[in-house]
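> Got a predicted structure plus its sequence, pasted below:
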Amino acid sequence: MALQRLRGRIGEEATEQLHSAEASGADAVAACNALGLFGGDARLVIVDGVEAWKTADVKELESYLAAPAPTTVLALVGDGIKRDSALAKAVAKAGQVLAYDVTKKQLPEWVAEQFARLGASAGRDTCRALVEAVGDNVGDLSSEIQKLATWANGDQITRATVEELAVGRAETPIFAVTDSWGRRDVAATLRAAESLLDRSHRPRSGELIRLVASLVGHVGRVRKAAHLVDEGVRSSEIASRLKIHPFVAEKAAKQAGNFSPEELGLATVRLAELDAGAKGGSRLPPELQLDQTIVEITRRAD
């Protein structure tokens, strides 16, 4: 977010983007000292991946920061840089160190705060959905937050907006399918599965296999959560026992209440059969098998 604000203030035409894979500390210093097209106008030099810089690079930076170019803003971006590292200390002496140390549990709240800073509004469930779709990398999340806030233009950002526009980077970005299944909404589950297959950049057959594997994993989590709920275990403890994110545990426990143990057992069996059938174990087209299985494991018994 800080970089986006800097870019907006200084302008893309006055911004130079470097990466540590190709730019040393000396290269970054040279870029900072270079005159802009219009001489004294403000400039922005961004260097990504600075966690890879060595001692010599940091020394070059320290020398520059003793007398920096007055009209140039230098932004260094890196992952896993400790506050007591030589690089962080050098930056802290002359500028500001912005650390985005957000725990996984805090991510939905952090997302909501970022939306608010951009003048956008999104509910708790929407923020959780974005984390599920994108993953826990704050850089990826920041990009999606900026995009969604710009698209919304002051309107409320909904879960449907996230499902439609967010670029999924998480390991299992199929929450639209699993949430619909958890609500026992057959039509919505079928639509979500079809949409996922349509939007994927992978071959359709490969995406279908991945979708089935994700459903197997999700139903398995819900089934385990159901056993723990029956034992009186709280969702926070379920997260610890199953080694999953707290809001994933909360959702699994809630969905478990919509199915009987027998139904969850049947869903596990039917998904295993679907997995085998989709990999060549059945003469039926894989997508037909998928649709039939979704209907069977989602609908309520009459």
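It's in.

> Now name the helix or strand holding the closest residue in space to Leu271 that isn't next to it in sequence.
Leaving aside its chain neighbours, Leu271 sits nearest to Val216 (4.9 Å; criterion: C-beta to C-beta, 6 or more residues apart in numbering). Glycine gets a C-beta too; all of them are placed from N, C-alpha and C. Using DSSP states H and E, the element containing Val216 is helix 204-230.

> Show me what counts as buried in that helix.
Of the residues in helix 204-230, 207-212, 214-216, 218-226, 228-229 count as buried by neighbour count, 16 or more other C-beta atoms under 10 Å.

> what's around His19, how many residues?
13 (other C-beta atoms under 10 Å).

> Surely it and Val47 touch.
Yes. Between His19 and Val47 a contact is recorded at 7.1 Å, counting by C-beta atoms under 8 Å.

> Can you name every helix or strand that whichever helix or strand Ala129 is part of contacts?
For Ala129, the host element (DSSP H and E) is helix 124-134. Helix 124-134 is packed against helix 107-117, helix 138-152, helix 159-165, helix 175-183, helix 246-256, with contacts defined by 3 or more C-beta pairs under 8 Å, 6 or more residues apart in numbering; DSSP states H and E.

> Lowest average pLDDT across those?
Lowest mean pLDDT within these: helix 159-165, at a mean of 79.

> Now do the buried residues in it.
Residues of helix 159-165 classed as buried by neighbour count (16+ other C-beta under 10 Å): 159, 161-163.

> For it, name the packing helices and strands.
By 3+ C-beta pairs under 8 Å, 6+ apart, helix 159-165 packs against helix 124-134, helix 138-152.

> Which among the ones you listed is found nearest to Val97?
helix 138-152 (15.3 Å; C-beta to C-beta).

> What is the subsequent helix or strand relative to that closest one?
Counting by DSSP H and E, the element after helix 138-152 in chain order, helix or strand, is strand 156-157.

> next one: that next one to chain centre, how far?
Centroid separation for strand 156-157 versus its chain: 18 Å, with C-alpha atoms, centre = their mean, to the nearest Å.

> Return the list of strands paired to that strand, each annotated with direction.
strand 121-122 (parallel) (DSSP bridges).

> on that earlier part again, quick one: contacts of the helix holding Ala129?
107-109, 111-112, 115, 122, 140-141, 144-145, 148, 157-159, 161-163, 166-170, 173, 175, 247-248 (C-beta atoms under 8 Å, 6 or more residues apart in numbering).

> Now the buried members of the residues you listed.
For the contacts of helix 124-134, a burial check counting by 16+ other C-beta under 10 Å picks out 107-108, 111-112, 115, 122, 140-141, 144-145, 148, 157-159, 161-163, 166, 168, 170, 173, 175, 247-248.

> so what are the domain limits for the chain?
2-94, 104-165, 175-298 (automatic domain parsing).

> what's the span of the last one, first residue to last?
End-to-end distance of domain 175-298 (C-alpha to C-alpha, to the nearest Å): 15 Å.

> re earlier: and Val295, which of the helices and strands packed on helix 124-134 is closest to it?
Nearest of those to Val295, taken as C-beta to C-beta: helix 175-183 at 10.8 Å.

> May I see the buried residues of that closest one?
For helix 175-183, by 16+ other C-beta under 10 Å, it's 175-182.

> Adding distance to Glu237, write the residues you listed out as a markdown table.
Shown next, in a markdown table, are the buried residues of helix 175-183 (distance: C-beta to C-beta, whole Å):
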| residue | distance to Glu237 |
| --- | --- |
| Phe175 | 23 |
| Ala176 | 28 |
| Val177 | 27 |
| Thr178 | 22 |
| Asp179 | 23 |
| Ser180 | 27 |
| Trp181 | 24 |
| Gly182 | 20 |
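
> excluding its backbone neighbours, what's nearest Gly87?
For residue 87 the amino acid is Leu, not Gly. Closest to Leu87 by C-beta to C-beta, 6+ apart is Val58, at 5.2 Å.

> Can you get me a residue count around the one you found?
19.

> Ok, Gln289 next?
Gln289 has 22 neighbours, counted by other C-beta under 10 Å.

> Contacts only, for it.
Per C-beta under 8 Å, 6+ apart, neighbours of Gln289: 274, 277-278, 282.

> Tell me the buried residues in the host helix or strand of Leu288?
Per DSSP H and E, Leu288 falls inside helix 286-298. Within helix 286-298, the residues scored as buried using 16+ other C-beta under 10 Å are 286, 289-291, 293-294, 297-298.
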